[in-house]
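A.B. asks: no FASTA, just this:
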């Protein structure tokens with residue numbers, strides 16, 4: 001297996017610092033992002049699940065700078081009780097991921113990242129999408145199939161940057177340990193191209 005500390009293709013920070021520290025930093029970083037992404041993904045579903053009689057109160061988070069006429073808004077975010085419920089559920093999943101690194105929690109965060117990526121990233125025309133997909137094809141041919149660098153990085157870093165599919169699920173159940181992987185880039189980049197085609201069809 002490739003030694004991640006001595007790999008010439010990796011950034012200097014990954015070659016200098018210990019893998020444990022990098023994994024710890026990534027875990028905290030993706031915990032925060034994962035909770036927010038999963039909460040945003042769950043919000044439409046929760047809006048349908050909660051009955052109309054549910055006491056849904058509105059809240060506003062406002063940070064300002066200065067005072068008087070020079071007061072400037074830094075953060076102005078509005079949310080409601082349903083959003084808070086989604087945030088609590090997402091936080092539970094996040095703590096589960098931090099403590100256990102379970103593949104289900106990893107996949108929940110990974111799917112949330114992929115869905116938010118497809119929602120937030122947009123292509124302006126089909127030719128741009130074709131160039132992007134062609135570049136991804138060349139990238140995969142060299143970095144994924146031509147070398148074992150990307151596979152080694154994906155296996156070395158404990159972060160929800162990939163979806164994992166247990167190959168020994170029937171044998172070990174939820175404690176499966178032999179996984180096949182699918183990078184989020186292989187979902188998001190084709191996904192934003194399909195989203196472009198969908199918007200074209202709708203118009």
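C.D. replies: Noted; the coordinates are in hand. None of these values were measured; they are calculated from a predicted model. Numbering: from 1, shown residues only.
A.B. asks: Which parts of the protein are helices?
C.D. replies: Secondary structure of the chain by DSSP state H: the helices cover 12-16, 19-49, 81-100, 103-120, 126-139, 149-156, 169-172, 185-202.
A.B. asks: and the gap between the residue nearest to the spatial centre of the chain and residue 177?
C.D. replies: Taking C-alpha atoms, centre = their mean, the centroid of the chain lies closest to residue 113, which sits 2.6 Å from it. Using C-beta to C-beta, to the nearest Å, one obtains 23 Å as the distance from residue 113 to residue 177. C-betas here are computed from N, CA, C, even on glycine.
A.B. asks: Let me know which of the helices of the chain is tucked in deepest.
C.D. replies: Mean neighbours per residue, mean count of other C-beta atoms under 10 Å, is largest over those for helix 103-120, with a mean of 19.
A.B. asks: now it, how far from the chain's geometric center?
C.D. replies: From the chain centre to the centre of helix 103-120 is a distance of 4 Å (C-alpha atoms, centre = their mean, to the nearest Å).
A.B. asks: Report all helices and strands that that helix contacts.
C.D. replies: With contacts defined as 3 or more C-beta pairs under 8 Å, 6 or more residues apart in numbering; DSSP states H and E, the packing partners of helix 103-120 are helix 19-49, helix 81-100, strand 162-166, helix 185-202.
A.B. asks: Give the other helices and strands that the last one contacts.
C.D. replies: In other words, helix 185-202. The contact analysis (3+ C-beta pairs under 8 Å, 6+ apart) places helix 185-202 against helix 103-120, helix 126-139.
A.B. asks: tell me the angle of the first one relative to helix 81-100?
C.D. replies: What separates the directions of helix 103-120 and helix 81-100 is an angle of 130 degrees, with axes from the mean of the first three to the mean of the last three C-alpha atoms, to 10 degrees.
A.B. asks: any idea of the mean pLDDT for helix 103-120?
C.D. replies: Helix 103-120 carries an average pLDDT of 94.
A.B. asks: Quick one: residues in contact with that helix.
C.D. replies: 30, 33-34, 37-38, 40-41, 93-94, 96-97, 160-164, 166, 174, 176, 179, 184, 187-188, 191-192, 195 (C-beta atoms under 8 Å, 6 or more residues apart in numbering).
A.B. asks: Please apply the same query to stretch 60-78.
C.D. replies: Taking contacts as C-beta under 8 Å, 6+ apart, the residues outside stretch 60-78 that touch it are 58-59, 79.
A.B. asks: Report the distance from it to the chain centre.
C.D. replies: In terms of C-alpha atoms, centre = their mean, the gap separating the centre of stretch 60-78 from the centre of its chain is 29 Å.
A.B. asks: Give me the distance between the two termini of that stretch.
C.D. replies: Between the opening and closing residues of stretch 60-78 lies a distance of 4 Å (C-alpha to C-alpha, to the nearest Å).
A.B. asks: mean confidence score for stretch 74-87?
C.D. replies: Taken as a whole, stretch 74-87 has an average pLDDT of 87.
A.B. asks: typo on my end, it should be stretch 190-203
C.D. replies: On average, stretch 190-203 scores 92.
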